[in-house]
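**Student:** Below are the sequence and a predicted model for it; my questions follow.
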Amino acid sequence: MPKILSTHTLHPRASAMLTGAGELAVASGLDADTLATEARNADIIIVRAPLPSVLFEGATKLRAAIRHGAGLDMIPMEAATAAGVLVANVPAVNARSVAEHVMFAALALSRRFRMVDRDLRTKGWLAGREHANSNSELAGKTIGIVGLGAVGQAVGHIAAHGFDLNVVATTRSMRPAPDKVGFLSIDALVEQSDIIILCCPLTPETRGLISRERIGRMKPDALLINVSRGPVIDDDALIEALKKGRIGGAALDVFSTQPLPPGHPYFSFDNVIVTPHMAGITEQSMMRMGVGAAGEALLVLANRLPVNLRNPEVVEHYRRRFPADA
């Protein structure tokens, strides 16, 4: 039977879909050597952890690397394409989960939840309640969204229709804006927004996008929420701004180094919410991502191309490796 290697355990519904189609195995470790070794006899790999480029050199049976989710930065695209391996993903299915996390983070920062909770538990009722005097409502503020893909659009819809926020956005395409969303340049957005949401992909253009200079343009009480990728932010510049009280706070779900090392400066700020890359993870989204990845795997095993093929230039090479009529 074909071998399907998943870097992580799949949702039961996804595992059930693959029953009978192939032998499903879960990687015993996520380090480069283990993944490369265990992928050698795999026909499909389902990806929730970074793959080493060397994996594609030794996996001679590998047909496809299928991302359990949307972001493709975990898959070395050039190496996969050079090896004649299809790359697919499951876009948009966790957008609602991420968008709800964004609003949770915006509310928690605006209501100073970490400080209230800490002082209520350690100093008593009145000490916790005192923070309420500095709390702020979301309604009427401006939320700036960097990246208007599925996540950005979901954030914009909830923000405008659920919380009466003014929504502005910047995106590469600057296509016609969804209802109640206005377009701005990135510099105008960081200057005018009370809450800045990063939900863009990591590309050479977005790496370091939130630079020292752009952080300096932000309002002194601005909130920065990152659900994209860690390297979009200049960490040193953000840490310096937080130390100086230059911005209002931050909620960070992704980091340049993951897991975030114990003792990292981000853990030391009362006005920073740190979460372990979980914005898109709920029971519902895990089911949707798993089922989507399993569906793409079944297509490939049936010698068909995946619906969400992300390297179409590989098809000719792939068909030489696996002829359609074989």
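**Tutor:** Nice, thanks for sending it over. Just so you know, these numbers come straight off a predicted model, no measurement behind them.
**Student:** Quick one: end-to-end distance for stretch 204-212.
**Tutor:** For stretch 204-212, the first-to-last residue distance is 17 Å (C-alpha to C-alpha, to the nearest Å).
**Student:** I meant to write stretch 15-28 there.
**Tutor:** Looking at stretch 15-28, the gap from its leading to its trailing residue is 17 Å under the measure C-alpha to C-alpha.
**Student:** mean confidence score for it?
**Tutor:** Rounded to a whole number, the mean pLDDT of stretch 15-28 is 97.
**Student:** buried sites along that stretch?
**Tutor:** Applying a neighbour-count criterion of 16 or more other C-beta atoms under 10 Å, one finds 15, 17-18, 21-22, 24, 27 buried in stretch 15-28. Glycine gets a C-beta too; all of them are placed from N, C-alpha and C.
**Student:** for stretch 140-156, same thing?
**Tutor:** Judged by neighbour count (16+ other C-beta under 10 Å), stretch 140-156 contains these buried residues: 141-156.
**Student:** What is the distance between the lowest-mean-pLDDT helix or strand in the chain and the centre of its chain?
**Tutor:** Of all helical and strand segments in the chain, the minimum by mean pLDDT, DSSP states H and E falls on strand 181-183, at a mean of 91. Distance, stretch centre to chain centre, for strand 181-183: 22 Å (C-alpha atoms, centre = their mean, to the nearest Å).
**Student:** Give the other helices and strands that it contacts.
**Tutor:** Applying 3 or more C-beta pairs under 8 Å, 6 or more residues apart in numbering; DSSP states H and E, one finds that strand 181-183 contacts strand 166-170.
**Student:** Show me what the strand it packs on pairs with in its sheet, parallel or antiparallel.
**Tutor:** According to DSSP bridges, strand 166-170 forms sheet pairs with strand 142-146 (parallel), strand 181-183 (parallel).
**Student:** C-terminal to the last one, which secondary structure element comes first?
**Tutor:** Heading C-terminal from strand 181-183, the first helix or strand you meet, by DSSP states H and E, is helix 186-192.
**Student:** Now do the next helix or strand after that following helix: which elements does it pack against?
**Tutor:** As assigned by DSSP H and E, the chain's next helix or strand after helix 186-192 is strand 195-198. Taking 3+ C-beta pairs under 8 Å, 6+ apart as the contact definition, the neighbouring helices and strands of strand 195-198 are strand 142-146, strand 223-226.
**Student:** how far does the strand or helix carrying Leu120 sit from the chain's center?
**Tutor:** Here Leu120 sits within helix 113-123, counting by DSSP H and E. Taking C-alpha atoms, centre = their mean, one finds helix 113-123 lying 29 Å from the centre of the chain it belongs to.
**Student:** same question, stretch 198-210
**Tutor:** Centroid separation between stretch 198-210 and its chain, computed with C-alpha atoms, centre = their mean, is 12 Å.
**Student:** Could you list the buried residues of it?
**Tutor:** In stretch 198-210, the ones that count as buried by 16+ other C-beta under 10 Å are 198-202, 206, 209-210.
**Student:** do stretch 292-308 as well
**Tutor:** Under 16+ other C-beta under 10 Å, the buried positions of stretch 292-308 are 292-301, 305-306, 308.
**Student:** again, but for stretch 259-274
**Tutor:** Under the neighbour-count criterion of 16+ other C-beta under 10 Å, stretch 259-274 has 260, 266, 271-273 buried.
**Student:** Can you give me the domain assignment for the protein?
**Tutor:** 3-93+283-321, 95-274 (automatic domain parsing).
**Student:** Can you give me the end-to-end span of the shortest one?
**Tutor:** So the one you mean is domain 3-93+283-321. As for domain 3-93+283-321, its first-to-last residue distance stands at 17 Å under the measure C-alpha to C-alpha.
**Student:** what's the answer for the longest one, then?
**Tutor:** Using C-alpha to C-alpha, one end of domain 95-274 lies 20 Å from the other.
**Student:** repeat for stretch 295-309
**Tutor:** Its start and end residues considered, stretch 295-309 measures 13 Å (C-alpha to C-alpha).
**Student:** Averaged pLDDT, that stretch. What do you get?
**Tutor:** For stretch 295-309, the mean pLDDT works out to 97.
**Student:** Fine by me, we can end here.
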